[in-house]
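Chemist: this one's structure only:
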C-alpha cells in the first residue's frame, strides 16, 4: 500500500533524532528544546454527553531531577499548549521557535506506537439525572452515581461535582422510607397519590422517552388559597437538597423563554410552578395565563419554541415532568387536553403536615431507593 493511501502518518519517520539528557534537557537533533522530557502514560478517550475528546496523559521529567504529576492534554491542542501552565517548572528554549511543535510531534509519534492496553476510555457525566454509558443506564444523584450492574467494573465513569444532591438519611431503611413516603401521600390521599406517581414518572422519564411514551401533559393542582396545596406539591416534588429546606416553587411571573430554559435544564424529575391566581390586574392575569399556555404547548408537543439561530432553527424541549398550582382552571381545546387538573378541596391537617415536615429527608431517601431499584431493573421494567 502506498504512503498516500495510509490513514495515519508515520510520525517516527518524520522525526529526526531527538533525545533527553537528564542533566541538560530535551534536544531536537542538536537544538536545545527545553528543560524537560516526556513520559507518555496513556491515550485517554473522554466521552461527555456523546462527544469524544482525546487527550494524552503524560508526565514531564525534568533535567536535574524531578517529575510532574499526571497531566492530561487534549491532542487537538498539542501544538498550542503552554507547558508552563501545566507545571510551572516547564521551560522552553526562547530561541527555538518550533519548540512546542517539536514536542507535539514527539507525543504523536509515541502515541502511534502505544500499546492497546494503554488506550483508556473514560466517560464523564456533567449533569444530574439519567445517562447511558455503553448503552446501559447510569443515574447521577449529585453526590454519587448509580450504575447499572450490566456495566463492567473496569469502565471508568467520572462525574462533575454538583451543587445539588439527593440527600438521604443513612439511618433509614428502605421499608422505613416507604412507610414515611406513604404518610406524606396520605396528607391528601387523591392529590398526594397523583403527585407522587407524577414524580416517579419523572424519574423514569428517560425510559418512557426511549419507547416514545414520554408524558406530554402538565399536572395542574387547582384549589382555593389556604388549602396548603402548594406546600404539599413542593414537599413531594423536591428531590434535591432537602437538608437545606423545602424551596418555594417558581412563580408564573417569568417569561416563557426563561421557563423553557428551566424545563430544558432539569432532567428526570418534576419542576413545580406556582401560582395561577385571580390577579386584580388584567395585564398580570393575561401574562400568567399566556405563560401557562406556552408551557403546555412546550410539554405537550415535546419540543420548545422554534427559534432562528444563524442559518438554522433550534428548540429546547422539556427534559422533566411539570406541575403547576393555581386557583382556577384555564385552557380550551388542545391546550386544555394538555393539562391534567386535580381539584384540591379539603385542607391538609396541620398536625399531620407538621409531623411529616419534621422528617424532610424521608422523601429524598425514598427516591434514592427507588432510583437504585429502577437502574438495577431497567431492562425488566422496559419489557
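Modeler: That came through, no problem. As the structure is a prediction and not an experimental result, all values here were calculated from the model. Numbering: from 1, shown residues only.

Chemist: How many residues are close by residue 365?
Modeler: The tally of other residues near residue 365 (other Cβ atoms under 10 Å) stands at 26. Every C-beta, even on glycine, is put in place using the N, C-alpha and C of the backbone.

Chemist: in the protein, what secondary structure element scores lowest on mean pLDDT?
Modeler: The helix or strand of the chain with the lowest confidence, counting by mean pLDDT, DSSP states H and E, is strand 312-314 at a mean of 46.

Chemist: Confirm that residue 23 lies within a helix, as I assumed.
Modeler: No. The assignment for residue 23 by DSSP: H, G, I helix; E, B strand; the rest coil gives coil, which leaves it out of any helix.

Chemist: Report the contact partners of the closest residue to it other than its chain neighbours.
Modeler: The shortest distance from residue 23 to any residue other than its chain neighbours is 6.1 Å, reached at residue 63 (Cβ to Cβ, 6 or more residues apart in numbering). Residue 63 makes contact with 20-25, 35-36, according to Cβ atoms under 8 Å, 6 or more residues apart in numbering.

Chemist: which among those residues gets closest to residue 177?
Modeler: Of all the contacts of residue 63, the one with the least separation from residue 177 (Cβ to Cβ) is residue 36, at 54.6 Å.

Chemist: and that closest one, what are its bridge partners?
Modeler: Per DSSP bridges, the residues bridged to residue 36 are residue 62.

Chemist: cool, the one 10 residues further on as well?
Modeler: Residues in a beta bridge with residue 46, per DSSP bridges, are residue 53, residue 122.

Chemist: what's the pLDDT at residue 168?
Modeler: The predicted local confidence for residue 168 comes out at a pLDDT of 95.

Chemist: Wait, a strand at it?
Modeler: No. Assignment of residue 168 by three-state DSSP gives coil, placing it outside any strand.

Chemist: Could you report the neighbour count for it?
Modeler: Residues within reach of residue 168, counting by other Cβ under 10 Å, total 21.

Chemist: Surely it touches residue 360?
Modeler: No. Assessed by Cβ atoms under 8 Å, residue 168 is found out of contact with residue 360, at 11.3 Å.

Chemist: Residues touching stretch 182-202, excluding its own?
Modeler: Contacts for stretch 182-202 (Cβ under 8 Å, 6+ apart): 181, 208, 215, 219, 221, 229, 232-233, 235-237, 239, 268-270, 320-321, 323, 342, 344, 346, 348-349, 352-353, 355-356, 362-363, 367, 370.

Chemist: What's the ChimeraX line that selects buried ones from the contacts of residue 63?
Modeler: Buried members of these, identified by 16 or more other Cβ atoms under 10 Å, are gathered into one ChimeraX selection as follows:
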select :20,25,35,36
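
Chemist: Pull the most distant pair out of the contacts of residue 63.
Modeler: Checking those with Cβ to Cβ, the most distant pair is 23 and 36, at 12.6 Å.

Chemist: Give the buried residues for the longest helix along the chain.
Modeler: Looking across the chain with DSSP state H, the single longest helix is helix 282-300. By neighbour count, with 16+ other Cβ under 10 Å as the criterion, the buried positions of helix 282-300 are 285, 287-289, 291-300.

Chemist: can you check stretch 68-84 too?
Modeler: Counting neighbours by 16+ other Cβ under 10 Å, one finds that the buried residues in stretch 68-84 are 68, 71, 73, 75, 78, 81, 83.

Chemist: Stretch 178-186 now?
Modeler: For stretch 178-186, using 16+ other Cβ under 10 Å, the buried residues are 178, 180-181, 184-185.

Chemist: Looking at those residues, spot the one nearest residue 337.
Modeler: Distance to residue 337, by Cβ to Cβ, is smallest for residue 185 among the buried residues of stretch 178-186, at 26.6 Å.

Chemist: Now name the helix or strand holding the closest residue in space to the closest one that isn't next to it in sequence.
Modeler: Distance criterion Cβ to Cβ, 6+ apart; nearest residue to residue 185, sequence neighbours excluded, is residue 192 at 4.1 Å. When secondary structure is defined using DSSP states H and E, the element that contains residue 192 is helix 189-203.

Chemist: Need the phi and psi values for the residue nearest in space to the middle of the chain.
Modeler: Residue closest to the average C-alpha location in the chain (Cα atoms, centre = their mean): residue 127, at 1.4 Å. Here the main-chain torsion angles of residue 127 (degrees, to the nearest 10) amount to phi -150, psi 170.

Chemist: And the pLDDT at residue 254?
Modeler: Per-residue confidence for residue 254 comes out at a pLDDT of 73.

Chemist: how is the protein carved up into domains?
Modeler: The chain breaks down into these structural domains: 3-120, 174-382 (assignment by automatic domain parsing).

Chemist: In the stretch 151-300 of the chain, what residue spans correspond to strands?
Modeler: Secondary structure of the stretch 151-300 of the chain (DSSP state E, counting those that start in this stretch): strands located at 156-159, 218-222, 270-276.

Chemist: Need these in a markdown table (columns: mean pLDDT and mean neighbour count).
Modeler: A markdown table is the format used below for the strands of the stretch 151-300 of the chain (pLDDT from 0 to 100; neighbours: other Cβ atoms under 10 Å):
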| stretch | mean pLDDT | mean neighbour count |
| --- | --- | --- |
| strand 156-159 | 91 | 15 |
| strand 218-222 | 93 | 23 |
| strand 270-276 | 85 | 22 |
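
Chemist: Same list (those) but as TSV, adding distance to residue 245.
Modeler: Conversion of those to TSV gives the following (distance: least, Cβ to Cβ, whole Å):
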stretch	distance to residue 245
strand 156-159	25
strand 218-222	21
strand 270-276	15
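
Chemist: For the stretch 51-200 of the chain, which segments count as helices?
Modeler: Secondary structure of the stretch 51-200 of the chain by DSSP state H, counting those that start in this stretch: the helices cover 83-86, 99-112, 174-185, 189-203.
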